[in-house]
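Undergrad: Structure for the following, please:
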Amino acid sequence: MNTTIKTKLSIMMFLEFFIWGAWFVTLGTYLATNLKASGSETAAVFSTQSWGAIVAPFIIGLIADRYFNAEKILGFLHLAGAFLMYQMFVSNDITVFYTYVLSYMILYMPTLALVNSVAFNQMKDPEKEFASIRVWGTIGWIVAGLAISYLFHWDSVDGISAGLLKNTFALAGGAALLLGFFSFSLPKTPPKVASTDKIKIGDILGLDALKLLKDKNFAIFFISSILICIPLAFYYQNAHPFLTQAGLENPTGKMAIGQVSETLFLLLLPVFFVRFGFKKTILLGMLAWAIRYALFAYGDGQSLSFMLIIGIALHGICYDFFFVAGQIYTNSKAGEKYKSAAQGLITLATYGIGMLVGFMVAGFITDNYKLADGSADWKMVWIIPAAIALAVFLLFGLVFSDTATTENKATAV
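TA: Numbers count the residues shown, from 1 in each chain. Below you'll find the predicted structure:
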């Protein structure tokens, strides 16, 4: 890959995840402080990510893979997204805001697959080349968080009281506008399927991979993947409002520690796979969720702020040792015939169904566990998902057998 193309792909990844990190991290706090949203209303807004994940395969399978170049669709989706970001910026009503954010997520979630498609199309050896491109996405997310906290101070106490968090939508919208136009300069990525080929909904949703559920261990992993997404949703929905109310300074910037951790543990993941196998690796990821939430439940933003920082830093283990490890396991079990379908099915099950249920549960818990002054009982808000994560950990540890995966772990990594 020549330097010009590599630079363009790196910029694409940087902007793609800068956009997401610029508004999604602070969304929970914005909804509570600017729009006075309830827990169930906040859950409904966050669940738009899941609806976007459910709709995304149809946009990719019915349009991107059949009729138009991926880079052109990427450009149009981000330009439309920039317009919707502006509408979110000026919206003052939670019902109207929900309409815009739902529309945005339906457009944004497919772009996660499109940027990968554009990148992979330029690579001769993706296993060696992709990581150096994808890491710029993580850097983009980190830069967005640092800018919000340390450059603009929108998430400071004064900034929140002044309503400055709404500026995150302007920042994300500007980046979306830039990426929208920039996308048309990316390398051409033509459709991979002839427009005359017969459309199979089962192929689009990855339903052919349901045959893998006949394998007891894969079925246990599949169910566990859905269940662990319930506590995961609590983090996305409640972490920033909690850290803000706990008094942790520059919470958005400090949450970027999670992405740094994610990068570090991604490099360590192959080592854990080789030494401990899939089962122990994924169990560690599950246990990390329970430990993280216990730290949140008993920490605070003053004398025990180190507990909150450790909880944030555990993100690398929580995410990489479960989700990335799960993707590797799925790849090893599916074989060539169902490889793409299996990954699509797992994504649909986790980011679609699992997190959709998770956001609803998180909203219900936040609404129903209150202190005497009407504020959220954060100890209970975190103890409950910690218990759920621990239950999934025990279920998986007792029922899943690693014997079938041990022989595959070297090839999977």
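Undergrad: which residues of the stretch 301-413 of the chain fall in helices?
TA: Along the stretch 301-413 of the chain, the segments classed as helices by DSSP state H, counting those that start in this stretch run 305-313, 315-319, 325-347, 355-368, 378-399, 403-406, 409-412.
Undergrad: So which elements touch the first one?
TA: Pointing back at helix 305-313 there. helix 251-255, helix 257-298 (3 or more C-beta pairs under 8 Å, 6 or more residues apart in numbering; DSSP states H and E). Quick note: C-beta positions are derived from backbone N, CA and C, even for glycine.
Undergrad: Other residues contacting it?
TA: Residues outside helix 305-313 that contact it (C-beta atoms under 8 Å, 6 or more residues apart in numbering): 239, 243, 246, 248, 254-255, 257-258, 261, 291-293, 295-296, 298-301.
Undergrad: I'd like to know which of the helices of the stretch 301-413 of the chain is closest to residue 274.
TA: For the helices of the stretch 301-413 of the chain, the distance to residue 274 is smallest for helix 409-412, at 6.7 Å, taking C-beta to C-beta.
Undergrad: residues of the helix or strand hosting residue 13 that come out buried?
TA: Using DSSP states H and E, residue 13 maps to helix 3-23. Within helix 3-23, the residues scored as buried using 16 or more other C-beta atoms under 10 Å are 6, 8-23.
Undergrad: pLDDT value on residue 264, please?
TA: Reported pLDDT at residue 264 in the predicted model: 90.
Undergrad: Count the residues that sit near the residue lying closest to it once chain neighbours are set aside.
TA: Distances taken as C-beta to C-beta, 6 or more residues apart in numbering place residue 316 nearest to residue 264, at 5.7 Å, with adjacent residues excluded. Number of residues near residue 316 (other C-beta atoms under 10 Å) recorded here: 24.
Undergrad: Residue 316 contacts residue 261, correct?
TA: Yes - with contacts counted by C-beta atoms under 8 Å, residue 316 reaches residue 261, the gap being 3.2 Å.
Undergrad: domain assignment for the chain?
TA: 1-184, 207-413 (automatic domain parsing).
Undergrad: Which of those sits closest to residue 190?
TA: Across those, residue 190 has its closest neighbour in domain 1-184 (5.5 Å, C-beta to C-beta).
Undergrad: Next, the distance between the ends of that closest one.
TA: Using C-alpha to C-alpha, to the nearest Å, the end-to-end distance of domain 1-184 comes to 19 Å.
Undergrad: Quick one: distance of that domain to the chain centre.
TA: Computed by C-alpha atoms, centre = their mean, to the nearest Å, the chain-centroid distance of domain 1-184 equals 11 Å.
Undergrad: With stretch 239-252 instead?
TA: 20 Å.
Undergrad: Now do that stretch, average pLDDT.
TA: For stretch 239-252, mean pLDDT is 94.
Undergrad: picking that back up, with distance to residue 191 added, can I get the domains of the chain in JSON lines?
TA: Output for the domains of the chain, formatted as JSON lines (distance: least, C-beta to C-beta, whole Å):
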{"stretch": "domain 1-184", "distance to residue 191": "5"}
{"stretch": "domain 207-413", "distance to residue 191": "15"}
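Undergrad: Check these for me: which has the lowest mean pLDDT.
TA: Mean pLDDT is lowest for domain 207-413 among those, at a mean of 87.
Undergrad: number of nearby residues for the residue nearest to residue 272 when sequence neighbours are not counted?
TA: If the residues on either side of it in the chain are set aside, residue 272 comes closest to residue 281, at 4.7 Å by C-beta to C-beta, 6+ apart. Residues within reach of residue 281, counting by other C-beta under 10 Å, total 26.
Undergrad: Enumerate every residue touching residue 281.
TA: The contact partners of residue 281, taken as C-beta under 8 Å, 6+ apart, are 269, 272-273, 321, 325.
Undergrad: The same query, at a cut-off of 7 Å, please.
TA: 272-273, 321, 325 (C-beta atoms under 7 Å, 6 or more residues apart in numbering).
Undergrad: now do residue 321
TA: With contact taken as C-beta under 7 Å, 6+ apart, residue 321 is in contact with 265, 269, 281-282, 284-285, 288.
Undergrad: What sits closest to the most centrally placed residue in the chain if chain neighbours are left out?
TA: A centroid search over the chain (C-alpha atoms, centre = their mean) returns residue 351, at 7.6 Å, as the residue closest to the centre. Sequence neighbours aside, residue 53 is the residue nearest to residue 351 in space, at 4.0 Å (criterion: C-beta to C-beta, 6+ apart).
Undergrad: Tell me how many other residues surround that neighbour.
TA: Look at residue 53: counted by other C-beta under 10 Å, it has 24 neighbours.
Undergrad: Packing partners of the helix or strand containing it?
TA: Per DSSP H and E, residue 53 falls inside helix 48-59. For helix 48-59, the elements it packs on are helix 94-120, helix 201-205, helix 355-368, judged by 3 or more C-beta pairs under 7 Å, 6 or more residues apart in numbering; DSSP states H and E.
Undergrad: and that helix, which residues are buried?
TA: Buried-residue list, helix 48-59, by 16+ other C-beta under 10 Å: 48-50, 52-57, 59.
Undergrad: before we move on, what about stretch 299-311?
TA: Residues of stretch 299-311 classed as buried by neighbour count (16+ other C-beta under 10 Å): 299, 301, 305, 307-309, 311.
Undergrad: Next: stretch 328-336.
TA: Applying a neighbour-count criterion of 16+ other C-beta under 10 Å, one finds 328-334 buried in stretch 328-336.
Undergrad: Same question for stretch 140-159.
TA: Within stretch 140-159, the residues scored as buried using 16+ other C-beta under 10 Å are 140-149, 152-156, 159.
Undergrad: any idea which of the residues you listed is closest to residue 172?
TA: Of all the buried residues of stretch 140-159, residue 172 sits closest to residue 144, with 8.1 Å by C-beta to C-beta.
Undergrad: Pipe the buried residues of stretch 328-336 into TSV and attach distance to residue 214 per row.
TA: Below are those laid out as TSV (distance: C-beta to C-beta, whole Å):
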residue	distance to residue 214
328	21
329	16
330	15
331	18
332	16
333	11
334	13
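Undergrad: Thanks a lot, see you next time.
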